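>>> Below: sequence and its predicted model.
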Amino acid sequence: MIILSEIITLKRNNDFRRIYSKGRSYASPVLVTYVLKNRRGMTRIGITTSKKIGKAVLRNRSRRIIREAYRLIACDIRQGVDLVFVARGKTPYVKSDDILRAMRKELKEAGVLQ
């Protein structure tokens, strides 16, 4: 039985700005992923949704399905990276399986998926 620890989230604006400026980005029609190595030895994630996505209900749905997709593959991700997932216009209208597929593809391309 594998026990997953809680998801460590990014909260500070300067962390997000550092990842946007220094990290690599990988894009798909439903999700953009920014990846940057850190020296903390743990994986931290941040999820952003802009008002372009829609009203609060759609933004919250986007965050929920991104968080769920991440939860399903969290144990396969190498430690020591910061990840920022950015929702796109199509994100609230697709199933979490589509988000999971896009996330897996982007993380594999970034070399952080084991």
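In hand now; what should we look at?

>>> which residues touch the residue nearest to Y26 when sequence neighbours are not counted?
Excluding the flanking residues, the one nearest Y26 by C-beta to C-beta, 6 or more residues apart in numbering is E106, at 3.9 Å. Glycine gets a C-beta too; all of them are placed from N, C-alpha and C. Counting by C-beta atoms under 8 Å, 6 or more residues apart in numbering, E106 touches 26-28, 31, 33.

>>> make it 10 Å
25-28, 31-35, 83, 85, 112-113 (C-beta atoms under 10 Å, 6 or more residues apart in numbering).

>>> In a markdown table: those, plus secondary structure and pLDDT.
Listed next are these as a markdown table, based on DSSP: H, G, I helix; E, B strand; the rest coil; pLDDT from 0 to 100:
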| residue | secondary structure | pLDDT |
| --- | --- | --- |
| S25 | strand | 96 |
| Y26 | strand | 96 |
| A27 | strand | 95 |
| S28 | coil | 95 |
| L31 | strand | 96 |
| V32 | strand | 96 |
| T33 | strand | 97 |
| Y34 | strand | 97 |
| V35 | strand | 96 |
| L83 | strand | 96 |
| F85 | strand | 97 |
| V112 | coil | 93 |
| L113 | strand | 89 |
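
>>> May I see these arranged in TSV, with neighbour count as well?
Listed next are those as TSV, based on neighbours: other C-beta atoms under 10 Å:
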residue	neighbour count
S25	14
Y26	18
A27	13
S28	17
L31	26
V32	18
T33	24
Y34	23
V35	19
L83	23
F85	24
V112	19
L113	15
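
>>> between those residues, which is nearest L100?
Using C-beta to C-beta, L31 comes nearest to L100 of the contacts of E106, at 9.8 Å.

>>> can you pull the contacts of the closest residue to the closest one other than its chain neighbours?
Among residues not flanking L31 along the chain, A102 sits closest, at 4.7 Å (C-beta to C-beta, 6+ apart). Residues in contact with A102 (C-beta under 10 Å, 6+ apart) are 26-33, 66, 69, 85, 88, 91, 94.

>>> burial count for the residue nearest to R40 when sequence neighbours are not counted?
Excluding the flanking residues, the one nearest R40 by C-beta to C-beta, 6+ apart is G80, at 6.9 Å. For G80, the neighbour count with other C-beta atoms under 10 Å is 14.

>>> Noted, bye for now.
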